[in-house]
Every structure is written in C-alpha cells, then in structure tokens.
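[1] Sequence first, predicted model second:
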Amino acid sequence: MPKVSIGVSTYNRRDYLRESLKSLLEQTYSDFEIIVVDDGSSDDTGEMVAREFPQVRYFYKENGGDASAKNLAAVKAKGEYLVFNDSDDLFLPDALENLLQPLESHPEACSYGNYISIDADGHRLPTRKKMTTYPSGRILNEMLRHIIVCCTGFIIRTDEFIRLGGFDTSMRVAHDYKLLLKIAAEHDFFALNKPVFLRRRHDGNISQGSYDKVAIIESIISDFVAENVKNLEIDKKVVRHRLARLNEQLAREAQRENLGIEVVRKHLNEALKNKFSFKSLFRRLLLH
C-alpha cells in the first residue's frame, strides 16, 4: 500500500505525458504509485506507457472529460493520500516531500503549493502571483476571493476525496474549483509558499479566459454561497467584491465576443449592484 497515489489524466498528449511521468519518477519521496487514466486518446499513449513506464498503472476509458478521468484515478488509487498532475504539467523533484511534510502532524488536513509557468517547449514564463504569502488554516474566504489552490499541487486523503463526491463530471472546466470550495469549507489547508509544479501554457489547454469560463466561475460562487451562507462563516463583503469583479470581466468578455449590448449591460448592472465603482458606472452610461 503506497502512501500516495498520483493520478494523471491525459487525452492525446503522449509526448507531454512522457515528460510528466519522468518528472514524477524523479521525486525525492519514493512511497507512491502513478495511475494514468487515458480519457479516450487516439494516439499511441497506451503503447508508450506500457513500453517506457511499465511501473505505471494505466487505465483506458471512453472519452468523458477530465473530471471523469480524475475520478476514475481516485477510485483506482491504493494510496492513503491523493494528488493529481495534468499530463502537460511537471512536478518539481521535491513536490511530494514538501506536500506531505505538514500532514505528518495534521493527517486530516490538506496542503498546497503554487507553480511556475512554462511555455509549450518548457521555457519559463513570467508567473503572475495572486499574493506573496499564501494563507493556511480555514481558507474558504480566501478561496472565494481568489482561485489560489490548483488541482495540481494539492494533496488530500483519498477516502475524503471520494466521500465528498469527487469532481462534477458535467463540467468541462472549473470542476476543480467547485470541489476545492467544498474541501475548504471542511478542512484546514497548509500553504507551502513555494512552487511544487511547472504549469504548461500552450494552445491545447483551456487556461485562457472566455465568457463561458468566467460565467461558470461566477455561477459556482453564487450557488455555493446560496447553499452555505447560513451554516458557514462566509464573508459577504468578500463575496460581493468577487462577484462585482467577475461581472465586470463578463461585461468585457461579452463585448469582446460580440454577445450584444444587453448582455454587457446586464453584467455591468450586476457589478454595480454588488459593489459600486465609477469605472463600471461610466462603462454602463456609455452603452446606448
């Protein structure tokens, strides 16, 4: 029984996956297993894994999205703790060692680190940080303020991940943020305040902003607060500020994507309702 299971979801990223698996096998901590869930790849991902990484547990499934692939990895996991790595990202050599260190004295908690951005070829990019020091403890309100915990680079007990229901398989993006809010409502988090992985930016991933993606984030926060505001210590001021910023962003995205003046107006009205700003008011008055 390994201490840690590393779940790697992949879809037609054979060459990136090879680099990712190499980074995992170079960990300074050794008591782990690697589970690759292939979400219906049409390249020779399975053959490559069998040929080059015989120690990896490989599972193929019909294409159903990243959330379903990660959930399957959790079901197959034998480790006490679970951590995920996307097949285009790379773990730094001491990632597992650092993530596990706080849990030695707090085994029911979670821990997380941040990342360094790289391009498609692995060259480092300027990395924008949400903050200079990341919070520990009950970080729910900070999670409502910013997305500060990534699905890659955080660790949780495997049985707790499964108890909470895993990722929402109906969601193509932001399923990790939705679950992380639930986790943050019940568990302490320990921040490492150091990078634990390299996050790859390339044309094949969906990290860039868009109207639909921002709308999903706004919906996740609105629904979570509506369901939990009575039984959790949620800072309503934090929520209003975040919803105002998201609606301002939605207005910009709606304008950029030519979704119509009514859509832009709706989001500016929502932004002003949550938090007054002269900038939003000015943009609203300019609409005809």
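    Alright, I've got the coordinates. Numbers count the residues shown, from 1 in each chain.

[2] Just confirm Asp168 is within a helix.
    No. Read with DSSP: H, G, I helix; E, B strand; the rest coil, Asp168 is coil and lies in no helix.

[3] ok, it touching Asp176?
    No. Between Asp168 and Asp176 there is no contact under Cβ atoms under 8 Å: 9.6 Å. From N, CA and C alone the C-beta is placed, and that goes for glycine too.

[4] Tell me the confidence at Gln208?
    On the pLDDT scale, Gln208 is placed at 53.

[5] what do you get for Glu233?
    pLDDT, read off for Glu233, is 93.

[6] Which helix or which strand is home to it?
    Using DSSP states H and E, Glu233 falls within no helix or strand.

[7] Could I get the contacting residues of it?
    By Cβ atoms under 8 Å, 6 or more residues apart in numbering, the residues touching Glu233 are 140-141.

[8] the helices in the stretch 101-250 of the chain, which residues?
    Under the criterion DSSP state H, counting those that start in this stretch, the stretch 101-250 of the chain contains helices at 140-145, 158-163, 175-186, 211-228, 236-256.

[9] now the angle between helix 211-228 and the third one, please.
    With axes from the mean of the first three to the mean of the last three Cα atoms, to 10 degrees as the criterion, the two stretches helix 175-186 and helix 211-228 enclose an angle of 20 degrees.

[10] Would you mark the buried spots in helix 175-186?
    175-181, 183-185 (16 or more other Cβ atoms under 10 Å).

[11] tell me which of the residues you listed is nearest to Ile116?
    Asp176 (18.9 Å; Cβ to Cβ).

[12] Could you check how far the closest residue to that closest one other than its chain neighbours is from Leu285?
    Nearest residue to Asp176, sequence neighbours excluded (Cβ to Cβ, 6 or more residues apart in numbering): Cys151, at 3.6 Å. Computed as Cβ to Cβ, to the nearest Å, the Cys151 to Leu285 distance reads 40 Å.
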